[in-house]
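1. Sequence and predicted structure, then a few things I'm wondering about:
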Amino acid sequence: MSPHLEGLLEFLKIPSVSTDPARREDVERAARFLAERLEAIGFSAELVPTPGHPIVYAERRRDPSAPTLLVYGHYDVQPPDPLELWDSPPFEPTIKDGKVYARGASDDKGQVWIHVAAASETQDLPLNLKFVIEGEEEVGSKNLFAFVRENRARLSADAALVSDTAMFARGLPTLVYGLRGLAYLEVELEGAKTDLHSGVHGGAAPNAAVAAARVAAQLKSPEGWVRIPGFYDKIRPLEAWEREEWARLPFDEEEYRALLGAERLEGEPGYGVLERRWARPTLDVNGFAAGWTGPGPKTVIPARAVFKFSMRLVPDQDPDEIAALAEAYVRRVAPEGYRVRVRVFEGAKPVLVDRSAPAMRLAARALREAFGREAVFVREGGTIPVVSALAEELGLPVVLMGFGLPDDNLHAPNEKFELENFEKGIEAVKAYYRFFAEEGGA
């Protein structure tokens with residue numbers, strides 16, 4: 001086993017779940033582990049405190065006249081639940097069939113560790129490296145935005161490199177030039193002061209579960225259109241060249257359906273699957289809780305019900321504006337007689353980066369050297385909140401060069417990372433560092 005893989009396995013053992021208050025010490029332990037490893041390969045590293053989890057900031061300066069590259073990633077991970085669906089414990093990394101299984105293996109510890117490994121093997125390059133690795137990406141990166149705004153001079157660079165995305169297919173190197181944004185709301189409806197006996201009070205008492213289900217059902221039409229007024233008012237249409245390039249990608253709709261294990265695919269009529277996933281906005285109910293959900297019967301009328309829903313946004317939708325429209329609509333369609341509370345979580349802007357920028361051309365060259373074939377350019381349906389800050393606040397060209405795969409089970413049981421991608425990812429990043437140094441930051 002290589003030292004790089006050994007280091008990754010140690011990193012993956014730390015349950016750095018940023019959403020879980022009980023894991024706060026583990027999150028900080030992961031940050032310290034990362035900082036110590038960076039210091040061991042010549043970086044000056046520190047844990048920057050925030051109101052939430054610390055940011056690992058590290059620099060390795062070689063020459064004031066040398067180009068500077070800013071590397072972003074995150075060390076926090078999603079909760080591992082439901083635990084019973086994992087084939088091996090989520091924080092006991094297991095290697096099987098050329099893959100490492102663990103929470104965070106692909107999102108994003110494995111990809112962060114690619115950069116640590118590449119930096120350890122390129123210490124003599126005339127290249128200044130700055131690492132910003134946060135612990136709150138999975139909860140919206142709220143404190144990172146403040147850190148970026150307050151440290152513009154400290155974070156100055158010639159470009160930013162992010163490895164938190166996926167390749168389009170196995171063996172096909174990929175550069176992402178578009179990400180969707182995010183708006184996220186939690187809705188609570190309360191009808192009575194406590195749960196009530198459904199025999200004694202049924203037929204008279206308000207049922208918060210039914211009321212919440214009605215509200216949730218009115219968010220989208222049966223055909224898949226979002227019903228929130230104004231939701232579609234500001235959407236940049238897809239370019240013709242994008243449709244042409246996406247049509248040439250090795251994509252089989254039936255294979256994709258089988259990958260999901262779904263009987264059918266859904267979405268807005270009139271758009272292809274890739275367009276619906278990458279360039280169209282969405283709305284999805286992410287969770288619903290009410291009443292008795294334990295084993296066996298308990299005949300209660302729920303006094304309170306909560307559901308959460310997210311909206312993935314595309315250029316030029318603004319997350320604050322969309323969240324406000326969504327809240328107003330929820331309050332309008334909620335049944336009378338219920339107390340309605342709406343919580344709006346931190347959002348993220350959609351992003352399009354310049355795929356023709358010199359920094360992107362160097363990335364394509366590095367991927368070609370590592371994988372032996374030309375990279376494809378795609379958008380991705382997910383959200384990386386900090387990318388807009390890197391582009392807008394720091395004015396940096398951003399390169400999204402990831403090494404995950406579509407079947408890596410991100411945010412789900414049995415998350416994995418292909419060891420071949422881990423190894424080739426190290427070679428690709430080493431090549432990128434070298435080309436970036438040689439070209440003077442492009």
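-> Great, that's in hand.
2. biggest helix in the chain, by residue count?
-> helix 419-438 (DSSP state H).
3. what's the offset of it from the middle of its chain?
-> 22 Å (Cα atoms, centre = their mean, to the nearest Å).
4. Mind giving me the packing neighbours of it?
-> Helix 419-438 sits against helix 3-12, strand 99-101, helix 109-120, strand 159-162, helix 358-371, with contacts defined as 3 or more Cβ pairs under 8 Å, 6 or more residues apart in numbering; DSSP states H and E. (Glycine included, C-beta is placed from N, CA and C.)
5. And the pLDDT at the closest residue to residue 117 other than its chain neighbours?
-> Leaving aside its sequence neighbours, residue 117 sits nearest to residue 4 (Cβ to Cβ, 6 or more residues apart in numbering; 4.0 Å). Per-residue pLDDT puts residue 4 at 98.
6. Over to residue 367?
-> According to the prediction, residue 367 has pLDDT 98.
7. between the longest helix of the chain and helix 109-120, how big is the angle?
-> 40 degrees (axes from the mean of the first three to the mean of the last three Cα atoms, to 10 degrees).
8. residues of helix 419-438 that come out buried?
-> 419, 421-437 (16 or more other Cβ atoms under 10 Å).
9. Pull the number of nearby residues for residue 298.
-> 11 (other Cβ atoms under 10 Å).
10. I misspoke; the intended subject was residue 170.
-> The tally of other residues near residue 170 (other Cβ under 10 Å) stands at 11.
11. give me every residue that touches it.
-> Taking Cβ atoms under 8 Å, 6 or more residues apart in numbering, we find residue 170 in contact with 405, 418.
12. Against residue 163, how distant is it?
-> Distance, residue 170 to residue 163, by Cβ to Cβ, to the nearest Å: 17 Å.
13. same deal with residue 121?
-> For residue 121, the distance to residue 163 - Cβ to Cβ - is 16 Å.
14. quick one: which of those two has more around it?
-> Each of residue 121 and residue 163 has its neighbours counted (other Cβ under 10 Å); residue 163 has more, 24 against 15.
15. Just give the nearest non-adjacent residue to that one, would you?
-> Distance criterion Cβ to Cβ, 6+ apart; nearest residue to residue 163, sequence neighbours excluded, is residue 111 at 4.0 Å.
16. confidence score at the one you found?
-> Reading off the model, residue 111 has pLDDT 98.
17. Likewise for residue 1?
-> Per-residue pLDDT puts residue 1 at 78.
18. Spatially nearest residue to residue 188 (excluding sequence neighbours)?
-> Residue 188 sits nearest to residue 341 (Cβ to Cβ, 6+ apart), 4.3 Å away.
19. Please work out how many residues are found near residue 381.
-> Residues lying near residue 381 (other Cβ under 10 Å) number 16.
20. Tell me how far it lies from residue 222.
-> As judged by Cβ to Cβ, residue 381 and residue 222 stand 22 Å apart.
21. wait, isn't residue 218 in contact with residue 333?
-> Yes. With contacts counted by Cβ atoms under 8 Å, residue 218 reaches residue 333, the gap being 4.9 Å.
22. where exactly do the helices run in the chain?
-> Using DSSP H, helices in the chain cover 3-12, 24-40, 109-120, 142-150, 208-217, 240-247, 253-260, 273-278, 319-333, 358-371, 386-392, 419-438.
23. Nice, that's everything, thank you.
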